[in-house]
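Asks: Everything below, folded, please.
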Amino acid sequence: MKRHRSVLAVLLVASAMRGAAAFAQSPTPVAAAPEAATNDSAPDTLPAPEPARPAPSFLTDIQADAFVSFGYTYNLNRPTDRLNGYRVFDSDANTFNVDVAELVLMKQIDKVGETGFRLDLVAGGAIPQKTQSAGLSIGQSADLQQATLSYLAPVGSGLRLDFGKFVTHMGAELIEGYDGYNDNYSRSFLFNYAIPLTHTGVKASYTLGSALSAMLMVVNGWDNVRDGNSGKSVGAQLTLTPASPVTVYLNYIGGPEKTDTNGYARNVFDVVATWKALKTLTLGLNGDYGRETDASLAEPGADAVWKGIAAYARYDLTSRFAVALRGETFRDEGGTRLGTGLATTVREATITPTYKFTDRFLMRADVRFDRSNREVFVKEGGALKKSQATIAGNVVFVY
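Replies: Sure, this is the predicted structure:
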């Protein structure tokens, strides 16, 4: 037993001696670099990344909208001049046409003290040429249809002021755009000949209550950016809502419109009424009376007088399919507005079925019959007759 203990002791001593020799032969360890001096002001962790910058306010505040209308009109008279008589926006016969492509940029105002603007840029083969104002043209087939600066002044509940070029307040029908289009594709005689299209100047609008609002404007006149005389025209509107289904607009504009003279006034009174008779039925009425001093072509030296009335009905058969009807008569006693030089009366009846594929895309037809007390409509061969009939198709996209 002692012998075994002696052997074990010898082995332990030998192992210890080999470990000491190995340690003596190992390279001298390199001392670690001293720690950097501690900066008490440095954060314990890395700084958080900067938050992403918000988009410029122009991109977030500006609203962009678009409207496109494409159409075709066939005239059963097959007029030699390929023009639909006494039409304005749908004057081209027997041809496809991009009526208008519209881009609208705007900053709306809702609160007192806010400012905004609106720009309507339009191009196309039918509408821009007719909406161009005297003194402003950006091309034969393009137009700056509206360009306004707006301010909601801190007067009462808010007095809205608009400066620039804007569409007229007159009439039941619209030039058409993203914020509104007519039930019929073709425009009425009243729209074409009784009232203006646009104005340039300043207007003030104020809401007097839930059932009454008012507008007053001072402008260069009818369809003028550059006035043809030194006088100004005054326009006004009263909007009445005696009951929720009924709205009545009382409109007026008056002022000198002859070039280089302020001595002859043109005055037009316009009334528009709409009645939502049923959930699926809307009725409308539009009446106009106009007079211009010493402007009659039928009776030189006399005043030109024009007047007319149009009735509208729209019935929604389903949520997507509707039928609109319009009938009207327009009397141009001085032959001035229609340009015939004689007292002329024109009448028309139109039916327009419309199908909405989506809320933004629709297709409609427009079947119309015009008649006059005089032979004013061109037919094949160039002769004149008292009537014309047209059939049109129209596709509209709104964004």
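Asks: Contacts only, for residue 346.
Replies: If a contact means Cβ atoms under 8 Å, 6 or more residues apart in numbering, then residue 346 has 86, 189, 329, 330, 332, 338, 370, 371, 372, 373, 376 as its contacts. Any C-beta I mention is one placed from the backbone N, CA and C, and that applies to glycine too.
Asks: I meant residue 352, not that one.
Replies: For residue 352, the contact set (Cβ under 8 Å, 6+ apart) comprises 183, 184, 185, 323, 324, 325, 326, 364, 365, 366, 367.
Asks: circling back: just the ones of the contacts of residue 346 in helices?
Replies: Applying DSSP state H to the contacts of residue 346, the entries found in helices are residue 189.
Asks: per-residue confidence for residue 154?
Replies: According to the prediction, residue 154 has pLDDT 96.
Asks: which residue sits closest to it, ignoring its sequence neighbours?
Replies: residue 112 (4.8 Å; Cβ to Cβ, 6 or more residues apart in numbering).
Asks: Who does the nearest residue to residue 320 once chain neighbours are set aside form a beta bridge with?
Replies: Spatially, and ignoring its direct neighbours in sequence, residue 320 is nearest to residue 356 (4.7 Å; Cβ to Cβ, 6+ apart). With DSSP bridges as the criterion, residue 356 is bridged to residue 362.
Asks: about what we covered before: ChimeraX command for the buried members of the contacts of residue 352?
Replies: Buried residues among the contacts of residue 352 (16 or more other Cβ atoms under 10 Å), as a ChimeraX selection:
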select :183,184,185,324,325,326,364,366
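Asks: and which of the contacts of residue 352 is nearest residue 315?
Replies: Comparing these against residue 315 with Cβ to Cβ picks out residue 323 as the nearest, at 5.5 Å.
Asks: Pretty sure residue 193 sits in a helix.
Replies: Yes: judged by DSSP: H, G, I helix; E, B strand; the rest coil, residue 193 forms part of a helix.
Asks: and it, what is it in contact with?
Replies: Contacts for residue 193 (Cβ under 8 Å, 6+ apart) come out as 86, 306, 330, 332, 337, 338.
Asks: between those residues, which is closest to residue 298?
Replies: residue 332 (8.7 Å).
Asks: how far away is the residue nearest to residue 320 from residue 65?
Replies: From residue 356 across to residue 65, the span is 18 Å (Cβ to Cβ, to the nearest Å).
Asks: Same question for residue 236.
Replies: Distance, residue 236 to residue 65, by Cβ to Cβ: 29 Å.
Asks: Quick one: residues contacting residue 374.
Replies: 340, 342, 344, 386.
Asks: per-residue confidence for it?
Replies: 97.
Asks: Can you report phi and psi for it?
Replies: The phi/psi pair for residue 374 (degrees, to the nearest 10) reads phi -130, psi 160.
Asks: Residue numbering should commence at 8 henceforth.
Replies: Got it, the first residue is 8 from now on, which makes the last one we talked about residue 381.
Asks: how long is stretch 167-183 end to end?
Replies: Stretch 167-183 has an end-to-end distance of 23 Å (Cα to Cα, to the nearest Å).
Asks: Counting neighbours, which bits of it end up buried?
Replies: 167-169, 171-180, 182-183.
Asks: Would you mark the buried spots in stretch 185-201?
Replies: Buried residues in stretch 185-201 (16+ other Cβ under 10 Å): 185, 188-201.
Asks: cool, and stretch 217-230?
Replies: 220, 222, 224, 226, 227, 228, 229, 230.
Asks: Could you list the low-pLDDT ranges of this protein?
Replies: 8-66 (pLDDT under 70).
Asks: ok, now with 90
Replies: Filtered on pLDDT under 90, the chain yields the residue ranges 8-68, 141-147, 185-186, 235, 266-268, 270.
Asks: where's the residue nearest to residue 394 when sequence neighbours are not counted relative to residue 355, distance?
Replies: Nearest residue to residue 394, sequence neighbours excluded (Cβ to Cβ, 6+ apart): residue 378, at 4.7 Å. Taken as Cβ to Cβ, the spacing of residue 378 relative to residue 355 amounts to 7 Å.
Asks: neighbour count winner among these two?
Replies: In this view residue 378 and residue 355 are compared by other Cβ atoms under 10 Å, and residue 355 has more residues nearby, 22 against 16.
Asks: picking that back up, now the residue nearest to residue 394: how far from residue 107?
Replies: Distance from residue 378 to residue 107, counting by Cβ to Cβ: 28 Å.
Asks: Tabulate the contacts of residue 359 (TSV), appending distance to residue 86 and secondary structure.
Replies: Listed next are those as TSV, based on distance: Cβ to Cβ, whole Å; DSSP: H, G, I helix; E, B strand; the rest coil:
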residue	distance to residue 86	secondary structure
190	26	coil
191	21	coil
192	19	coil
330	28	strand
331	26	strand
332	26	strand
333	22	strand
371	23	strand
372	21	strand
373	17	strand
374	18	strand
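Asks: Could you single out the nearest of the contacts of residue 359 to residue 307?
Replies: Taking Cβ to Cβ as the measure, residue 307 lies nearest residue 333 of the contacts of residue 359, at 34.5 Å.
Asks: is it true that that closest one touches residue 316?
Replies: No: between residue 333 and residue 316 no contact is recorded; they are 11.4 Å apart, counting by Cβ atoms under 8 Å.
Asks: who touches both of those two?
Replies: Common neighbours of residue 333 and residue 316 (Cβ under 8 Å, 6+ apart) do not exist.
Asks: Tell me which residues touch residue 74, please.
Replies: By Cβ under 8 Å, 6+ apart, the residues touching residue 74 are 107, 108, 109, 111, 183, 184, 185, 188, 403, 404, 405, 406.
Asks: Determine how far stretch 136-148 lies from the middle of the whole chain.
Replies: 17 Å (Cα atoms, centre = their mean, to the nearest Å).
Asks: swap in stretch 138-158?
Replies: Computed by Cα atoms, centre = their mean, the chain-centroid distance of stretch 138-158 equals 13 Å.
Asks: The chain: helices as residue ranges?
Replies: 9-32, 64-68, 135-138, 196.
Asks: you'd agree residue 275 is up against residue 259?
Replies: Yes: if you go by Cβ under 8 Å, residue 275 and residue 259 touch, sitting 7.1 Å apart.
Asks: okay, these two: which has more neighbours?
Replies: Ranked by neighbour count (other Cβ under 10 Å), residue 275 and residue 259 place residue 275 first, with 23 against 16.
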